[in-house]
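Engineer: Got a sequence here, can you build the structure:
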Amino acid sequence: MTRSTKTALLTGGFVLLLLLIDQVTKIWVKTSMVEGEMHQITSWFKIYFVENEGMAYGITFGSKLLLTLFRIIAMGAGVYYLAGLIRTGRFSLGFCLTLGLVIAGGLGNVIDCLFYGEIFTSSHGAVAQLVPWGEGYGSFLHGKVVDMLYFPLIETTYPEWSPVYAGEPFIFFSPIFNFADSCISVGVALLLLCYRHTFAQALELISPGQKSDQDEASEGDR
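Structural biologist: Numbering: from 1, shown residues only. Predicted coordinates:
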């Protein structure tokens with residue numbers, strides 16, 4: 001088995017495993033909780049079911065249709081890009097797995113947008129039910145992303161002397177997110193911290209007009 005084949009199998013398996021974890025957690029929450037319901041695990045970790053039509057961590061970006069189409073194009077390009085890098089056999093398994101983290105996270109949220117509106121009833125006011133295709137709460141490309149991970153590490157209030165928000169509640173780290181969002185964040189952090197030079201070389205390698213004798217990726221990256 002060649003190095004590139006082994007890397008492809010391990011990276012593909014890793015991405016599929018992450019997608020499975022993401023979808024299992026989302027479907028479990030979707031079919032057992034009502035939107036807005038919360039379960040406290042610890043004082044700083046809660047399962048809080050919300051749905052959003054935006055990007056990671058609930059960030060909004062234009063219309064739902066445009067956002068979904070953007071996600072599809074971006075993830076398609078990401079998969080094509082990663083496959084091309086693996087075929088070269090020049091990049092470490094660790095680097096490919098890191099890119100796989102980002103791609104798996106993006107694909108996980110794309111699945112929600114593509115299919116959840118078609119196959120689930122609404123979670124607003126009642127636990128969602130799995131229904132035949134086309135009988136769900138929305139249409140193709142208009143599904144909502146399921147979020148549930150909530151880490152309010154510090155819950156307090158602004159001091160009365162504060163020039164803004166005096167006496168109002170303050171929560172440190174208030175975003176509600178999902179496993180796919182975590183994959184994206186961890187993957188991007190690893191790229192910036194551990195593979196910045198390798199990533200730059202990878203971008204150069206796939207750029208049009210690059211010569212085939214491009215220098216190999218740094219062996220020091222792991």
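Engineer: low-scoring stretches of this protein, by residue?
Structural biologist: 54-62, 206-222 (pLDDT under 70).
Engineer: List the contacts of the longest strand seen in the chain.
Structural biologist: Ranked by number of residues, the top strand in the chain under DSSP state E is strand 45-52. For strand 45-52, contacts defined as C-beta atoms under 8 Å, 6 or more residues apart in numbering pick out 29-30, 33-41, 58, 60, 123, 144-152, 176. All C-beta atoms are positioned from the backbone trio N, CA, C, and that covers glycine.
Engineer: ok, of those, which come out buried?
Structural biologist: Those of the contacts of strand 45-52 that meet the buried threshold are 29-30, 33, 35, 58, 123, 144-151, 176, by 16 or more other C-beta atoms under 10 Å.
Engineer: where along this protein do the strands fall?
Structural biologist: So, for the chain - with DSSP E - the strands run 38-42, 45-52, 145-150, 154-157, 169-172, 176-177.
Engineer: who does the first one pair up with?
Structural biologist: I take that to be strand 38-42. Strand 38-42 has the following sheet partners, assigned by DSSP bridges: strand 45-52 (antiparallel).
Engineer: and if you look at the third one?
Structural biologist: Using DSSP bridges, the strands paired with strand 145-150 are strand 45-52 (antiparallel), strand 176-177 (antiparallel).
Engineer: Need the ones you listed in JSON lines (columns: distance to G13).
Structural biologist: Below are the strands paired with strand 145-150 laid out as JSON lines (distance: least, C-beta to C-beta, whole Å):
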{"stretch": "strand 45-52", "distance to G13": "28"}
{"stretch": "strand 176-177", "distance to G13": "24"}
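Engineer: quick one: L65 and S139 touch, right?
Structural biologist: No. Here L65 does not reach S139: they are 9.7 Å apart, not a contact under C-beta atoms under 8 Å.
Engineer: For H39, give the beta-bridge partners.
Structural biologist: As for beta bridges, H39 partners with I47 under DSSP bridges.
Engineer: and it, what is it in contact with?
Structural biologist: M33, K46, I47, Y48 are the contacts of H39 under C-beta under 8 Å, 6+ apart.
Engineer: and of these, the nearest to L19?
Structural biologist: Nearest to L19 among these is I47, at 20.3 Å by C-beta to C-beta.
Engineer: related to what we said a few turns ago, quick check, nearest of the buried ones among the contacts of strand 45-52 to Y116?
Structural biologist: The nearest one, if we look at the buried ones among the contacts of strand 45-52 relative to Y116 and count by C-beta to C-beta, is K144, at 6.4 Å.
Engineer: Spit out the contact partners of the closest residue to P159 other than its chain neighbours.
Structural biologist: In space, and not counting its chain neighbours, P159 is closest to A166: 7.0 Å by C-beta to C-beta, 6 or more residues apart in numbering. Counting by C-beta under 8 Å, 6+ apart, A166 makes contact with Y158, P159, E160.
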